[in-house]
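Visitor: Sharing a model prediction with you, sequence too.
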Amino acid sequence: METAELIEFRRQKDEFFRTGQNTPLGPGDHSDFEGLAYFDPNPDLVFTTSVEPGDGSEVRVQTSDDREKVYSNFGTVSFEIAGQPVELTVYETVHGLFLPFRDATSGHSTYGAGRYLDLEPNEDGTLTIDFNLAYNPSCVYSDGWSCPIPPPGNWMQVPVEAGEKNFPV
């Protein structure tokens, strides 16, 4: 996604949070909402990579309210961030491909439990992992949500300074 597109996407998301009826914000939080905090766009944190196919096995992921969500193992993606190798598991859900992750910013400048990416395969079967689109789980904004917690295999030691920052700032 080009920088101008990303900035417009963020503006529209903030407007939805401010005025939408089905946002993750808690009751009464809309009027005070001034927008989410984001890292500056970072083209170095966009990766197009092949997928090592998973076996489609059922994967149970713990949630923020001690439940489990069930996904299928779609596959793994591998690339380098700041010279450090990264390997992450991508899950298939009823809504599409899902990449929950934690990184070295988690609990500092970003939400402690981690962030998410929604993915769509490219025409050639590769995936574009654009961390500028990383977003916080809904449970960050209101206690009424049940959010999957990124499994330990998707915890990176490297900082990913892209996407949404912690809320509130």
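Guide: All right, it came through fine.
Visitor: All the helices of the protein, residue numbers only.
Guide: Along the chain, counting by DSSP state H, helices occupy 3-19.
Visitor: low-scoring pLDDT stretches of the chain, where are they?
Guide: Residue ranges of the chain with pLDDT under 70: 169.
Visitor: at 80 what do you get?
Guide: For the chain, the stretches flagged by pLDDT under 80 are 26-31, 168-169.
Visitor: Now do the strands in it.
Guide: 46-49, 52-53, 58-62, 68-81, 84-93, 96-101, 115-119, 127-130 (DSSP state E).
Visitor: Please name whichever of those strands is nearest to Gly163.
Guide: Distance to Gly163, taken as CB to CB, is lowest for strand 115-119 among the strands of the chain, at 6.2 Å. Bear in mind the C-beta positions are built from the backbone N, C-alpha and C, glycine included.
Visitor: Summarise which helices and strands that closest one is packed against.
Guide: With contacts defined as 3 or more CB pairs under 8 Å, 6 or more residues apart in numbering; DSSP states H and E, the packing partners of strand 115-119 are strand 96-101, strand 127-130.
Visitor: and the gap between the spatially most central residue of the chain and Tyr91?
Guide: Residue closest to the average C-alpha location in the chain (CA atoms, centre = their mean): Tyr116, at 1.6 Å. According to CB to CB, to the nearest Å, Tyr116 stands 10 Å off from Tyr91.
Visitor: shared neighbours of the two, anything?
Guide: Shared contacts of Tyr116 and Tyr91 (CB atoms under 8 Å, 6 or more residues apart in numbering): 98-100.
Visitor: In TSV, list the residues you listed along with neighbour count and distance to Val86.
Guide: Output for the shared contacts of Tyr116 and Tyr91, formatted as TSV (neighbours: other CB atoms under 10 Å; distance: CB to CB, whole Å):
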residue	neighbour count	distance to Val86
Phe98	19	17
Leu99	21	11
Pro100	24	14
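Visitor: so which of those would you say is closest to Glu87?
Guide: Once CB to CB is applied, the member of the shared contacts of Tyr116 and Tyr91 that ends up nearest Glu87 is Leu99, at 11.9 Å.
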